[in-house]
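Colleague: I would like to see how this sequence folds:
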Amino acid sequence: MATLEIRDLHVTVEAENATKEILKGVDLTVKQGETHAIMGPNGSGKSTLAYSLAGHPKYTITGGTVTLDGEDVLEMSVDERARAGLFLAMQYPVEVPGVSVSNFLRTSATAIRGEAPKLRTWVKEVKEAMQRLNIDPSFAERNVNEGFSGGEKKRHEILQLELLKPKVAVLDETDSGLDVDALRVVSEGVNRVRETGEVGTLLITHYTRILRYIKPDHVHVFSGGRIVESGGAELADKLENEGYEAYAKHDGVDTKGGASA
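Modeller: Numbers count the residues shown, from 1 in each chain. Okay, here's the model as predicted:
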């Protein structure tokens, strides 16, 4: 059973010529088949956790450990983390000019699987996954995220998730910028992957609306760079009713908006 273990994780970032500690001792275990929702106000460190797990160079690990199936994730390069089974769906997917979606997906699958997928089988696999996500076939020949709408970018992220079949998927505010129809389609894609029981999911979100479609096994409240409360799906209902005001005492978190860390 694949397991992501985060222990006492501390992370800093350089901001305005100063070093700022964002994560201040995060402890979390995500097992294969489980879905964990990380919720919290803007600036609480949710996205910092996602990008630190993926190996973004902007963030410096100053303490703690992260292991996947007992292997030290923090000693891995970004591509090694992906090959080990760690997947990140970004809040703001970047454009990759000159690289078509079809080439990007097949190259990624080859890197993950260790060999190129057989072309006829692969084409069928991609076509079926795109149909499930209501993606037009012509999408495959467009450059990655270039000129994509917000909904198209997020559908492309979930397309990757379905095709690459990671051990642990970190979904950073996948609901951001989606209308109701796109949210439903994206959520259905996430649920299809979850239903295989082969993926541990870490769903990072600011709002509860996506949890109406994706039911978490565990909910964790993030504030001041750490998890301050954990519970079941009922905790999300509490946050829907009461907001994050009760957690504002944790290290100057802005509960009324602002840039996410």
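Colleague: need the helix or strand of the chain with the lowest average pLDDT.
Modeller: Sorted by mean pLDDT, DSSP states H and E, the helices and strands of the chain end with helix 233-242, the least confident at a mean of 90.
Colleague: Need the residues that contact that one.
Modeller: With contacts defined as Cβ atoms under 8 Å, 6 or more residues apart in numbering, helix 233-242 is touched by Ala37, Met39, Thr208, Leu211, Lys215, Pro216, Asp217, Val219, Val221, Glu229, Gly231. All C-beta spots, glycine's among them, are computed from the backbone N, C-alpha and C.
Colleague: Flag the shaky bits of the stretch 101-250 of the chain, pLDDT-wise.
Modeller: Along the stretch 101-250 of the chain, segments meeting pLDDT under 70 span 248-250.
Colleague: for it, what spans make up the strands?
Modeller: 143-144, 168-172, 200-205, 218-223, 226-231 (DSSP state E, counting those that start in this stretch).
Colleague: Export these as JSON lines, with columns for distance to Val78 and mean neighbour count.
Modeller: Listed next are the strands of the stretch 101-250 of the chain as JSON lines, based on distance: least, Cβ to Cβ, whole Å; neighbours: other Cβ atoms under 10 Å:
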{"stretch": "strand 143-144", "distance to Val78": "17", "mean neighbour count": "18"}
{"stretch": "strand 168-172", "distance to Val78": "13", "mean neighbour count": "26"}
{"stretch": "strand 200-205", "distance to Val78": "17", "mean neighbour count": "25"}
{"stretch": "strand 218-223", "distance to Val78": "23", "mean neighbour count": "23"}
{"stretch": "strand 226-231", "distance to Val78": "25", "mean neighbour count": "17"}
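Colleague: and the least confident helix or strand of the chain with strand 200-205, angle?
Modeller: Counting by axes from the mean of the first three to the mean of the last three Cα atoms, to 10 degrees, helix 233-242 lies at 0 degrees to strand 200-205.
Colleague: Which member of the contacts of helix 233-242 is positioned nearest His10?
Modeller: Checking those against His10 with Cβ to Cβ, the nearest one is Val221 at 18.9 Å.
Colleague: quick one: that closest one from Val26, how far?
Modeller: 12 Å (Cβ to Cβ, to the nearest Å).
Colleague: Name the residues contacting each of those two.
Modeller: With Cβ under 8 Å, 6+ apart as the test, Val221 and Val26 both reach Ile227.
Colleague: what's the closest residue to Ser176 other than its chain neighbours in contact with, if anything?
Modeller: Of all residues not flanking Ser176 in the chain, Gln91 sits nearest, at 5.5 Å (Cβ to Cβ, 6 or more residues apart in numbering). Residues in contact with Gln91 (Cβ under 8 Å, 6+ apart) are Ser47, Ala50, Asp172, Glu173, Thr174, Ser176, Ser260.
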